[in-house]
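Chemist: Predicted model and sequence below, questions to follow.
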There are 4 protein chains.
Amino acid sequence: MDKPYLRQMPGPELKNPIFVQGLPGFGNVGKIAAYLLMKFSGAKPLAELYSPSFPDYVSVSSKGICHLPRYEFYSAPTEKNDFVIMTGDTQPSFDDVVAHYALCSETLDFIQKKGCNFLVTLGGAPVKEEKAQVYVAATSARLALDFMEKGAVIYSKGRVVGATGLLLGLAKERGLDGICLLGATTGFKADRGAGFAVFKFLMKALGNEIKEGL
Amino acid sequence: MDKPYLRQMPGPELKNPIFVQGLPGFGNVGKIAAYLLMKFSGAKPLAELYSPSFPDYVSVSSKGICHLPRYEFYSAPTEKNDFVIMTGDTQPSFDDVVAHYALCSETLDFIQKKGCNFLVTLGGAPVKEEKAQVYVAATSARLALDFMEKGAVIYSKGRVVGATGLLLGLAKERGLDGICLLGATTGFKADRGAGFAVFKFLMKALGNEIKEGL
Amino acid sequence: MDKPYLRQMPGPELKNPIFVQGLPGFGNVGKIAAYLLMKFSGAKPLAELYSPSFPDYVSVSSKGICHLPRYEFYSAPTEKNDFVIMTGDTQPSFDDVVAHYALCSETLDFIQKKGCNFLVTLGGAPVKEEKAQVYVAATSARLALDFMEKGAVIYSKGRVVGATGLLLGLAKERGLDGICLLGATTGFKADRGAGFAVFKFLMKALGNEIKEGL
Amino acid sequence: MDKPYLRQMPGPELKNPIFVQGLPGFGNVGKIAAYLLMKFSGAKPLAELYSPSFPDYVSVSSKGICHLPRYEFYSAPTEKNDFVIMTGDTQPSFDDVVAHYALCSETLDFIQKKGCNFLVTLGGAPVKEEKAQVYVAATSARLALDFMEKGAVIYSKGRVVGATGLLLGLAKERGLDGICLLGATTGFKADRGAGFAVFKFLMKALGNEIKEGL
């Protein structure tokens, strides 16, 4: 393997799906929120993205089965919206920014083919003391305002690091719209509370009722 | 030299050889086990793999002869099984995961050409206190169970790092079968005991009697 | 995105513009001096240079709008000279020198197309105690002497690190002329004084009167 | 600049020149020995090799003139032997081994074109206490023995790191002959004594009388 490759599974047709990404990161907020959305929407495997820029190990399951590090894509048609959800158990090495740009571009190619025109990246925002807050940054001032009116706080004059920020920045360069939702977290441990807050905010903002016990 | 290259030596025809890899790593278990198998089976040089991703030094022998870092392949026909054995005195830099993926792919290309359909990678598993244990991870649940029945413990919910894990993960992506055997080791020094345990388990599992004094 | 790309804005025709670069670095002297020149000359956006070698984050503005890290070019016709000014909020990773060479080459391609034949790079020179001094290094002994006569001290037997030095070295290889002006700074904090000294020296050396309150 | 490039100067025809390399390194022994050979033989500039893998700074001379990091080649016809001598003020980054392999290959391409069939790389060998000793490693046992008979000690079971070792290892892969001479040094400071010992040994071994005061 000398470049990223994508393995697709057969799946349902999606109508203008919203793309939602949640990867491991600060307080693991993004990954937890994406996991909750997958449970909520009954998401099904859609594709796997492998890359020689991921770490050189294999993960071993409880049954002793190994698999390479990868990004995982799921499709989830719901009543209100169709989703393409992306998660994974790793990001490219901190040092290899070129690889990170390439993988995000690969991701955008794929989700554009799937018809996604709107992106939501999920992550954690470091705060000193615990509080229930969701921050938003966006590809345009109008979008940031929209989500502020729905209850998020503008994440101003900061940086959004890793795939959470980069994917959005690259999407903007392609003329796509999107937002980044960051759950306030002290980041000391995997922060289920912040993950849930981000998930709940997203659902509410998109007009979904959360009925199922999660 | 700007990419890996392989130098082959003439050697015997091999029948469905089993591929066994043991490189330097945790407690040096893998390399020691591979060395014991080479001694046991009277292995002969088969090929050398050079790469610009290996460290920039030369090793000097006792006679003052220098050679570049490399992976070494040996062929070993035995009564029960034919083997292709791989060892070496280095791995690519920890930082250069892309190179590591490329070298493992190069290795798989070569051993597939040699007819290997089954892989065994050997390494060490970190434990806090010394114990005689061999762990197994595999490309399928069935294989993991097979070797569990032969006395290994399933290596569950863990990671297998470096070439020991990566080669197996990449082999699985090609549809090849294989296992990884990890000898329990505290890793404080080169662990001959763990290396011998791994070697002995492998031989027994493959139906070989260990007759020679090793 | 797998290589640098440049987005140009429409702008005025420039006559033999002088290229001035000031990036973040030691004491932030270069960036501060470039900022002062931009204010002084009423510079307008000319181009943006993006690259997969820049860090993997997005910067978020006070309005919540995100953008990728980038080099920014501005054009500034003044009475005496036309300028192309380059600044940014980052440099490629310290480790990735190949990327740094590539981005400087990209920059030189662009400014040569814009008609720049003379380069001025701005930065900070580490000194132990605060003093008001501007140092000069150049692509030729004659140029170094010219600016010494205008009040700078030859920066002899040293190294100029990062884009401040590299861009000049690469420009020299292309047969372009240029100088590097370094403001003495202890570097403990963003050094506005050193930045102003460098800006003032440059303006005086080029025959500009500084009238505006800066 | 996105790959190494070589700038050649006109120079004399050389007859089967011996290639001698001395770069900065342990105790700076190699560079000092190469410098002494250049003085001894009245060497003239032959070529300069630039590379985007060299560090991203410029060196500034005492006159304030900057130049990029580079390898420098000199030609030196002497009564007994013709030499191509290589030195420089840097090596590629420790991390970028691929670049190091590429630059050594570039170097070998060039010196083979110049007719060099025999290589001598010069460096320092770390010892705990000062002693006057020159060690040798070679591309063959015969060569190692030859130079042992001339007074060097076989450098057995060790590693020769950096360009000193790598160039020899890569030369061997091309079927070229060569040796590496290492001057014993504690490495605490630039070791002129060890550099002189290596230079003197090389001259004697090649049958040169050292007449000039050095």
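Modeler: Arrived safely, thanks for sending. Numbers count the residues shown, from 1 in each chain, chains lettered A, B, ... in the order given.

Chemist: quick one: the helices in chain A?
Modeler: Counting by DSSP state H, chain A forms helices over residues A:29-41, A:97-113, A:141-149, A:162-173, A:192-205, given from the N-terminal end onward.

Chemist: close to chain D, is the second one?
Modeler: No: contact between helix A:97-113 and chain D is absent, the nearest approach being 13.5 Å (criterion: Cβ under 8 Å from any Cβ of the partner chain). Where C-beta positions appear, they are placed from N, C-alpha and C, glycine not excepted.

Chemist: Would you mind getting the angle between that helix and helix B:97-113?
Modeler: For helix A:97-113 against helix B:97-113, the angle between stretch directions is 70 degrees (axes from the mean of the first three to the mean of the last three Cα atoms, to 10 degrees).

Chemist: Helix A:97-113 packs against which elements?
Modeler: strand A:44-50, strand A:71-77, strand A:82-88, helix A:162-173 (3 or more Cβ pairs under 8 Å, 6 or more residues apart in numbering or on different chains; DSSP states H and E).

Chemist: Could you rerun that using 6 Å?
Modeler: For helix A:97-113, the elements it packs on are helix A:162-173, judged by 3 or more Cβ pairs under 6 Å, 6 or more residues apart in numbering or on different chains; DSSP states H and E.

Chemist: now the shortest one
Modeler: The criterion is 3+ Cβ pairs under 6 Å, 6+ apart, and the helices and strands that helix A:141-149 contacts are strand A:134-138.

Chemist: Just the angle for the strand it packs on relative to helix A:192-205, thanks.
Modeler: For strand A:134-138 against helix A:192-205, the angle between stretch directions is 60 degrees (the same axes, to 10 degrees).

Chemist: Using PDB, write down the CA coordinates of strand A:134-138.
Modeler: Extracted as PDB, the C-alpha positions of strand A:134-138 are listed here (Å, rounded to 0.1, in the frame of the first residue of the first chain):
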ATOM      1  CA  VAL A 134     -21.300  24.200  22.500                       C
ATOM      2  CA  TYR A 135     -19.100  26.400  20.300                       C
ATOM      3  CA  VAL A 136     -19.500  27.000  16.500                       C
ATOM      4  CA  ALA A 137     -17.100  28.000  13.800                       C
ATOM      5  CA  ALA A 138     -18.300  28.100  10.200                       C
END
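
Chemist: returning to what we had before: is it possible to export the helices of chain A to JSON lines including mean neighbour count and mean pLDDT?
Modeler: Rendered in JSON lines, the data for these read as follows (neighbours: other Cβ atoms under 10 Å in any protein chain shown; pLDDT from 0 to 100):
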{"stretch": "helix A:29-41", "mean neighbour count": "24", "mean pLDDT": "96"}
{"stretch": "helix A:97-113", "mean neighbour count": "20", "mean pLDDT": "94"}
{"stretch": "helix A:141-149", "mean neighbour count": "16", "mean pLDDT": "96"}
{"stretch": "helix A:162-173", "mean neighbour count": "25", "mean pLDDT": "96"}
{"stretch": "helix A:192-205", "mean neighbour count": "21", "mean pLDDT": "95"}
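
Chemist: Tell me which of these lies nearest to C:G64.
Modeler: Comparing the helices of chain A by their distance to C:G64 (Cβ to Cβ), the top pick is helix A:141-149, with 3.3 Å.

Chemist: who's in contact with A:T121?
Modeler: With contacts defined as Cβ atoms under 6 Å, 6 or more residues apart in numbering or on different chains, A:T121 is in contact with A:21, A:164, A:167-168, A:180.

Chemist: any idea how far the residue in chain A that chain D sits nearest to is from B:A102?
Modeler: Closest residue of chain A to chain D, Cβ to the nearest Cβ: A:D95 (8.8 Å). Distance of A:D95 to B:A102, given as Cβ to Cβ, to the nearest Å: 17 Å.

Chemist: returning to that earlier point: could the contacts of A:T121 go into JSON lines alongside distance to chain B?
Modeler: Compiled in JSON lines, the contacts of A:T121 are given as follows (distance: Cβ to the nearest Cβ, whole Å):
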{"residue": "A:Q21", "distance to chain B": "22"}
{"residue": "A:T164", "distance to chain B": "21"}
{"residue": "A:L167", "distance to chain B": "21"}
{"residue": "A:L168", "distance to chain B": "25"}
{"residue": "A:C180", "distance to chain B": "27"}
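
Chemist: possible to save the residues you listed as CSV with distance to D:K150?
Modeler: Listed next are these as CSV, based on distance: Cβ to Cβ, whole Å:
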residue, distance to D:K150
A:Q21, 67
A:T164, 64
A:L167, 64
A:L168, 67
A:C180, 69
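
Chemist: interface residues of chain A facing chain B?
Modeler: Of all the residues in chain A, those in contact range of chain B (Cβ under 6 Å from any Cβ of the partner chain) are A:1-2, A:52-53, A:56-60, A:62-66, A:68.

Chemist: The residues you listed, buried ones only, as a ChimeraX selection?
Modeler: Buried members of the residues of chain A next to chain B, identified by 16 or more other Cβ atoms under 10 Å in any protein chain shown, are gathered into one ChimeraX selection as follows:
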select /A:1,52,53,56,57,58,59,60,64,65,66,68
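
Chemist: Next to chain D, which bits of chain A? Give me the list.
Modeler: Proximity of chain A to chain D, by Cβ under 6 Å from any Cβ, involves no residues.

Chemist: hmm, try it at 10 Å
Modeler: A:D95 (Cβ under 10 Å from any Cβ of the partner chain).

Chemist: that older thread, which among the residues of chain A next to chain B gets closest to C:A138?
Modeler: Taking Cβ to Cβ as the measure, C:A138 lies nearest A:S53 of the residues of chain A next to chain B, at 41.0 Å.

Chemist: Could I get the contacting residues of the residue nearest to the closest one when sequence neighbours are not counted?
Modeler: Using Cβ to Cβ, 6 or more residues apart in numbering or on different chains and skipping the chain neighbours, the partner closest in space to A:S53 is A:A99 (3.3 Å). Applying Cβ atoms under 10 Å, 6 or more residues apart in numbering or on different chains, one finds that A:A99 lies in contact with A:4, A:51-54, A:91-93, B:97-98, C:2, C:52, C:56.

Chemist: Quick one: which of those has the lowest pLDDT value?
Modeler: In terms of pLDDT, the least confident member of those is A:S93, at 76.

Chemist: hmm, back to that, mind checking which of the contacts of A:A99 land in strands?
Modeler: With strands identified by DSSP state E, none of the entries of those belong to them.

Chemist: In chain A, which residue is most central in space?
Modeler: The structure's chain A has its C-alpha centroid closest to A:Q21; by Cα atoms, centre = their mean the separation is 1.4 Å.

Chemist: rewinding a little: do I have it right that the residue of chain A closest to chain D meets C:D95?
Modeler: Yes: here A:D95 lies in contact with C:D95, judged by Cβ atoms under 10 Å, at a distance of 6.2 Å.

Chemist: hey, what's in contact with both of these two?
Modeler: Contact with both A:D95 and C:D95 is made by residues B:95, D:95, according to Cβ under 10 Å, 6+ apart.

Chemist: Report how many residues lie close to the residue of chain A closest to chain D.
Modeler: A:D95 sits with 15 neighbouring residues when counted by other Cβ atoms under 10 Å in any protein chain shown.
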